[in-house]
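1. Return atomic coordinates for the entry below.
(chains A and B)
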2 protein chains.
Amino acid sequence: MTDTATTTPAIRYYWEDLEVGSVIALGEVTPTREAILDFARQFDPQPFHLDEEAARASIFGGLCASGWHTCAMAMRLMVDHFLRYSSSQGSPGLEAIKWLKPVYPGDTLRLQHRVIDRRPMRTRPEVGLVRTVWEMFNQRGEQVLHMEGWGMFRRRTPGTVEDDAAPREAD
Amino acid sequence: MTDTATTTPAIRYYWEDLEVGSVIALGEVTPTREAILDFARQFDPQPFHLDEEAARASIFGGLCASGWHTCAMAMRLMVDHFLRYSSSQGSPGLEAIKWLKPVYPGDTLRLQHRVIDRRPMRTRPEVGLVRTVWEMFNQRGEQVLHMEGWGMFRRRTPGTVEDDAAPREAD
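-> Predicted coordinates for the structure are as follows:
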């Protein structure tokens, strides 16, 4: 259904297509000062996200984006460049978020994702799990964000109990 | 400085005040349908966050908030009810986010946080680390969000090398 609707692109990535070791580039985003302030006013009104002077006096050295804004921008890139072409069924959560460097207005942030593990989902034979690392870098090549967790993706071919008990390398 | 400015409230929670086992209630929020759509349009334009019909056909059973929106709403409660009264110096990241149940328009979400560990910060004697669990529940008492991680807080009294080598129970 989703892959025939005109507004929804065809699915390129099913669970089987997400091989361990594969890296996908997920585009870039450049947050403006106004976007950083908007997000902070709504969701994270701490002085170093709202006020230049307070930010200069903080450990960040200047006005910087809320870490949650950085995650939300990464999510948008993920949807635009990957999830909308995938059989994604959502995610149960993440096992790590690291805000490694502050994100400042005008920084250009590049995202990539790397598949590091996958396995069938025992309770839903039509779905498989994929463990992914997302890495975001600024224009100086410094990593600003690390995220890691499992996603659920529909399979091209539902598994059987026998398949799913086989070693992963056989997938 | 921050505790004398008229717009910044006095600091009630320094590192020493955040005792292991303490629980702090962080208020509630009720996202509207419009707020859920707004966030999704900006940061997470997946069909089940934007379109009622697509959402009904999904595993969520109805239009629901982006998990990142749930995190951002939790952050706002944290800032309003805790961080602005604390000596917080930010967070290096989280070690777990679990989106346990979907959040639907009109749900009333209550947040609390629990201190589960703390320790001095070796590299910055004026700062201590606090490990916290945040739990968000809906109006039916179901937990919708679990987050866990370390925060950095200024200490009332900077530590010495000797203090910080002592058992934690002695803090």
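2. just the strands in chain A please.
-> Secondary structure of chain A (DSSP state E): strands located at A:23-29, A:93-99, A:109-120, A:127-137, A:143-154.
3. B:S58: which of these is closest?
-> Of all the strands of chain A, strand A:143-154 sits nearest to B:S58, with 11.6 Å by CB to CB. For every residue, glycine as well, the C-beta is placed using N, CA and C.
4. Now do the longest helix along chain A: distance to the chain's middle.
-> Using DSSP state H to define each element, chain A has its longest helix at helix A:67-81. Centroid separation for helix A:67-81 versus its chain: 6 Å, with CA atoms, centre = their mean, to the nearest Å.
5. ditto for stretch A:132-140
-> Relative to the chain's own centre, stretch A:132-140 is displaced by 10 Å; criterion: CA atoms, centre = their mean.
6. do the longest helix of chain A and chain B meet at all?
-> Yes - Helix A:67-81 reaches chain B (CB under 8 Å from any CB of the partner chain) through A:67-68, A:71-73, A:75-76, A:79-80.
7. Quick check: of those, which lies closest to A:T108?
-> For the residues of helix A:67-81 next to chain B, the closest approach to A:T108 (CB to CB) belongs to A:M73, at 11.3 Å.
8. Nearest spatial neighbour of that closest one, chain-adjacent residues omitted?
-> Once flanking residues are discounted, A:M73 sits nearest to A:V29: 5.0 Å by CB to CB, 6 or more residues apart in numbering or on different chains.
9. Mind pulling up the pLDDT for the one you found?
-> What the model reports for A:V29 is a pLDDT of 98.
10. go on, A:L37?
-> Here, the pLDDT recorded for A:L37 equals 97.
11. Enumerate every residue touching the closest residue to it other than its chain neighbours.
-> On the basis of CB to CB, 6+ apart, the spatially nearest residue to A:L37 that is not a chain neighbour turns out to be A:L50, at 6.5 Å. Counting by CB atoms under 8 Å, 6 or more residues apart in numbering or on different chains, A:L50 touches A:37, A:40-41, A:63.
12. Check the gap between A:L50 and chain B for me.
-> 11 Å (CB to the nearest CB, to the nearest Å).
13. cool, and A:R110?
-> Going from A:R110 to chain B by CB to the nearest CB gives 17 Å.
14. My guess is that residue contacts A:M73. True?
-> No - using CB atoms under 8 Å, A:R110 is not in contact with A:M73; the gap is 11.2 Å.
15. Looking at those two, which has the bigger crowd around it?
-> Counting neighbours by other CB atoms under 10 Å in any protein chain shown for A:R110 and for A:M73 shows that A:M73 has the greater number, 25 against 17.
16. close enough to count as contact, the more buried one and A:D107?
-> No - in this structure A:M73 lies outside contact range of A:D107 using CB under 8 Å: 10.3 Å.
17. Name the residues contacting each of these two.
-> Residues touching both A:M73 and A:D107 by CB under 8 Å, 6+ apart: A:P31.
18. contacting residues for A:R124?
-> Applying CB under 8 Å, 6+ apart to A:R124 gives the contacts A:M152.
19. ditto for A:D51
-> A:D51 is in contact with A:L63, counting by CB under 8 Å, 6+ apart.
20. now do the one 10 residues further on
-> Taking CB under 8 Å, 6+ apart as the criterion, A:G61 is in contact with A:55, A:102.
21. Just the pLDDT at it, thanks.
-> With respect to pLDDT, A:G61 scores 90.
22. Report the beta-bridge partners for A:I24.
-> Taking DSSP bridges as the rule, A:I24 bridges to A:H113.
23. Drop anything exposed from the residues of helix A:67-81 next to chain B.
-> Neighbour counting over the residues of helix A:67-81 next to chain B (16 or more other CB atoms under 10 Å in any protein chain shown) leaves A:67-68, A:71-73, A:75-76, A:79 as the buried ones.
24. Let's have those residues in JSON lines, adding pLDDT.
-> Output for those, formatted as JSON lines (pLDDT from 0 to 100):
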{"residue": "A:G67", "pLDDT": "96"}
{"residue": "A:W68", "pLDDT": "97"}
{"residue": "A:C71", "pLDDT": "98"}
{"residue": "A:A72", "pLDDT": "98"}
{"residue": "A:M73", "pLDDT": "98"}
{"residue": "A:M75", "pLDDT": "97"}
{"residue": "A:R76", "pLDDT": "98"}
{"residue": "A:V79", "pLDDT": "96"}
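25. between those residues, which is closest to chain B?
-> Closest to chain B out of these is A:A72 (4.0 Å), distances taken as CB to the nearest CB.
26. Correct me if wrong: the closest one contacts B:Q42.
-> Yes - contact criterion CB under 8 Å: A:A72 and B:Q42 qualify, at 7.5 Å.
27. follow-up on the earlier one: so which of the strands of chain A comes closest to B:P158?
-> strand A:93-99 (24.7 Å).
28. Which positions within that closest one qualify as buried?
-> For strand A:93-99, burial by neighbour count (16+ other CB under 10 Å) applies to A:94, A:97-99.
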